[in-house]
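K.L.:
Provided below for reference: sequence and predicted model.
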Protein chains: 2
Amino acid sequence: MSSTRTVDENATLSRSEPARTSDRILDTAEELVQTRGLNAMSYADISERVGITKASLHYHFPSKADLVRALVERYSTRFFAVLAELEASGADPAELVRGYADIYAGVLARGRMCLCGMLASDYATLPTEAQDDVAAFFARNEQWLEGVIREGIASGRLTDTASPLDAARALLAGLEGAMLVSRPFEGTARFDAIAAALLAGLGVPADQSTTGTVAAG
Amino acid sequence: MSSTRTVDENATLSRSEPARTSDRILDTAEELVQTRGLNAMSYADISERVGITKASLHYHFPSKADLVRALVERYSTRFFAVLAELEASGADPAELVRGYADIYAGVLARGRMCLCGMLASDYATLPTEAQDDVAAFFARNEQWLEGVIREGIASGRLTDTASPLDAARALLAGLEGAMLVSRPFEGTARFDAIAAALLAGLGVPADQSTTGTVAAG
DNA sequence: GTCTATACAGCGATAGAC
DNA sequence: GTCTATCGCTGTATAGAC
């Protein structure tokens, strides 16, 4: 819809190169965390799927704390790269917030929860550095959304609101919560309805195309 | 504010009775799950805090699956008892949705996540029956909210919206998500701002009193 | 209903050969 | 960079005495 490139696993590698082992490990760990949670994922699970021994995993990521940190950093980097791309596409503010919501829809469509949303639920058990990274991920998302909403209001394309920052926070919370409460139910209908209701509150009309064209893992 | 009784642990017991062991186990397990997550909680953790051995815990709840089921059932029962009480207080629809949001605020003020929100993040690792109970918890919440919103619209006390059910779902998702993304940050300011923004969307003005008078665990 | 003792699988992690 | 082998610990769960 708005973004021209599909951002997915290994998006940073050129197509023909074989994926580096550390990337395949991260891909697998990421999927496991997004679907089952950090504390339900083990080195044995990753080992099985990647096809190397647990000992080899420890060569790439000595401790689980190292692995989680790498996971959040890569996810965060990719996520904001997608946002930058969205912004560079020249879409207007209404399209930007819709594109933003579509990123979440794409993640849920693959049966996953947002990585940082999932880690937020495990927050108390996270290594300190990962805690900071997760908090920073949310704060940065809010700032990005706040800017978009501010611009939308200024140009008369979004509904005026007392606090653009609070509107941004409500949208982020709404989308993360929508993923959380929708996964127990079949399909993405519940999420789509919630996203539409949240966007409608900002003055963004419903999207007529199919959702989830942009995937950010 | 709206509710007259504070609903908390052991609310079902008369004051002078000593808490039954199984209840103390559930209280402890509930706190651990709400703060750390199901897969970060062990029988050893509970044993330590309750002051009985792991073997004794297994007498009351033979398997962890039994314990989770009991946890969700008790939480659900209490939660809807509080909603019934709220409703019986004769508050108008705007006060009801504000009271609803205050329940969540009270949980967060104690440093906890909604039990079912937390379990939703661990959904894939839950025993089947607990999965169903968690899904039912959300569905029932949405239905309750939908009814309140419908009534509020009919009586002109809430902003009219195309789909009261979708508005209810967006509010539930927004509040669950607000708890999720607010816990990494100090205090309840973030949650309060989000809750206010969500309520404002329904036409419920900001609450001037302090939040979190009703606690539902 | 609680205890001691124990079984046994799984966990994250390390040593050292190749 | 990957392997085999193993360590020490923790996980859930059970047997049987009191």
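P.N.:
Nice, I can see it.
K.L.:
Show me what from chain A comes close to DNA strand C.
P.N.:
Residues of chain A lying close to DNA strand C (C-beta under 7 Å from any atom of the strand) are A:41-45, A:54-55, A:58, A:62-65. For every residue, glycine as well, the C-beta is placed using N, CA and C.
K.L.:
so which of those are also by DNA strand D?
P.N.:
Near DNA strand D, judged by C-beta under 7 Å from any atom of the strand, the entries from the residues of chain A next to DNA strand C are A:54-55.
K.L.:
so where's chain A shaky on pLDDT?
P.N.:
Along chain A, the parts satisfying pLDDT under 70 run over A:1-18, A:209-217.
K.L.:
and the residues of chain A next to DNA strand C, which are buried?
P.N.:
Burial by neighbour count, 16 or more other C-beta atoms under 10 Å in any protein chain shown: within the residues of chain A next to DNA strand C this picks out A:41, A:43, A:64.
K.L.:
mind listing what the second one touches?
P.N.:
It refers to A:Tyr43. The contact partners of A:Tyr43, taken as C-beta atoms under 8 Å, 6 or more residues apart in numbering or on different chains, are A:54, A:57-58, A:64.
K.L.:
Check the first one too.
P.N.:
A:Met41 makes contacts with A:29, A:32-33, as judged by C-beta under 8 Å, 6+ apart.
K.L.:
May I have the phi/psi pair for the residue nearest the centre of chain A?
P.N.:
When C-alpha atoms, centre = their mean is applied to chain A, the residue found nearest the centroid is A:Cys114 (4.5 Å). Note on A:Cys114: backbone dihedrals following degrees, to the nearest 10 are phi -50, psi 130.
K.L.:
how about the residue of chain A with the smallest separation from chain B, secondary structure?
P.N.:
Ranked by C-beta to the nearest C-beta, the top residue of chain A for proximity to chain B is A:Gly177, at 2.5 Å. For A:Gly177, the assignment made with DSSP: H, G, I helix; E, B strand; the rest coil gives helix.
K.L.:
Find the residue closest to it in space, skipping its chain neighbours.
P.N.:
For A:Gly177, ignoring the flanking residues on the chain, the nearest one in space by C-beta to C-beta, 6 or more residues apart in numbering or on different chains is B:Gly177 at 2.5 Å.
K.L.:
Quick check: the gap between that neighbour and B:Ala130.
P.N.:
Separation of B:Gly177 from B:Ala130 (C-beta to C-beta, to the nearest Å) stands at 21 Å.
K.L.:
So which of these two has more stuff around it?
P.N.:
Just comparing B:Gly177 and B:Ala130: by other C-beta atoms under 10 Å in any protein chain shown the higher neighbour count belongs to B:Gly177, 29 against 24.
K.L.:
What distance do you get for the more buried one to B:Asp45?
P.N.:
Using C-beta to C-beta, one obtains 27 Å as the distance from B:Gly177 to B:Asp45.
K.L.:
Residues contacting stretch A:199-210 from elsewhere in the structure, which ones?
P.N.:
With contact meaning C-beta under 8 Å, 6+ apart, stretch A:199-210 is reached by A:1, A:94, A:97-98, A:101-102, A:149, A:152, A:157-159, A:161, A:167, A:171, A:196, B:162, B:170, B:201.
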